[in-house]
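In: no sequence on this one, just coordinates:
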């Protein structure tokens, strides 16, 4: 994401979920029910498929994303995509963490496949993106543990740490980002605020 024309945006505030949310249940890697939508929902739920010509898609690593500059523009809860958020990237890394969130996101954290400690979170909105039509081979969820009933996220146990390649548009996670506009999550400083969201394609290497 080191790109001269890559313009970003930051939120001065973000939308919050209900004080007493109903349970969210994930039925598969590509569908869930009961999710509680948050800010910029229409911007996240992009149904487009990756273009047939992959040449305009920039290849990046988690370290590239982690070292990218933060946001330099203002976003509100209903803001559409702007600037660099319309660009597609191919991010390759090793899976180190998977979590489910109340808004229906499956949160996949990647680390450099070569062992670099810098990390990046790539997201997709379950059941609403092009990935539903192209579910990833070799990526399955244990249905016995896929529910969440409080206003938080739930960490899942990994039985492997595969290297994956994801293609999707860049997205600045305003709800997770620091108010200082830098590219870090406020509660997880080792994670970038930049995401791949939605993931349009995921391949397990």
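Out: Happy to help now that I have it. Here the structure is a predicted model, which means the values were calculated and not measured. Numbering: from 1, shown residues only.
In: for the longest strand anywhere in the chain, which residues meet the burial criterion?
Out: In the chain, with assignment by DSSP state E, the single longest strand is strand 88-101. Residues of strand 88-101 classed as buried: 88-95, 97-101 (neighbour count, 16 or more other C-beta atoms under 10 Å). (Glycine included, C-beta is placed from N, CA and C.)
In: partner strands of whichever helix or strand comes after that strand and their direction?
Out: As assigned by DSSP states H and E, the chain's next helix or strand after strand 88-101 is strand 105-111. In its sheet, strand 105-111 lies beside strand 88-101 (antiparallel), strand 119-125 (antiparallel), with partners assigned from DSSP bridges.
In: compare those and say which comes out lowest on pLDDT.
Out: Comparing the strands paired with strand 105-111 by mean pLDDT, the weakest confidence falls on strand 119-125, with a mean of 59.
In: strand partners of the helix or strand hosting residue 155, parallel vs antiparallel please.
Out: Taking DSSP H and E as the criterion, residue 155 maps to strand 153-156. Within its sheet, strand 153-156 is paired with strand 88-101 (antiparallel), according to DSSP bridges.
In: what kind of secondary structure is residue 56 in?
Out: Classification of residue 56 into helix, strand or coil gives coil, according to DSSP: H, G, I helix; E, B strand; the rest coil.
In: how about it: what's its closest non-neighbour residue?
Out: Nearest residue to residue 56, sequence neighbours excluded (C-beta to C-beta, 6 or more residues apart in numbering): residue 88, at 7.1 Å.
In: name the residues of stretch 55-71 that are buried.
Out: Residues of stretch 55-71 classed as buried by neighbour count (16+ other C-beta under 10 Å): 58, 60-66, 68, 70-71.
In: and those, which is closest to residue 46?
Out: residue 58 (17.2 Å; C-beta to C-beta).
In: which strand residues bridge the closest one?
Out: Note on residue 58: beta-bridge partners residue 89, judged by DSSP bridges.
In: wait, it sits on residue 92?
Out: No. In this structure residue 58 lies outside contact range of residue 92 using C-beta atoms under 8 Å: 11.8 Å.
In: what touches both of these two?
Out: Common contact partners of residue 58 and residue 92 (C-beta atoms under 8 Å, 6 or more residues apart in numbering): none.
In: which stretches of the chain have low pLDDT?
Out: Filtered on pLDDT under 70, the chain yields the residue ranges 1-39, 71-72, 75-77, 102-104, 115-153, 174, 178, 181.
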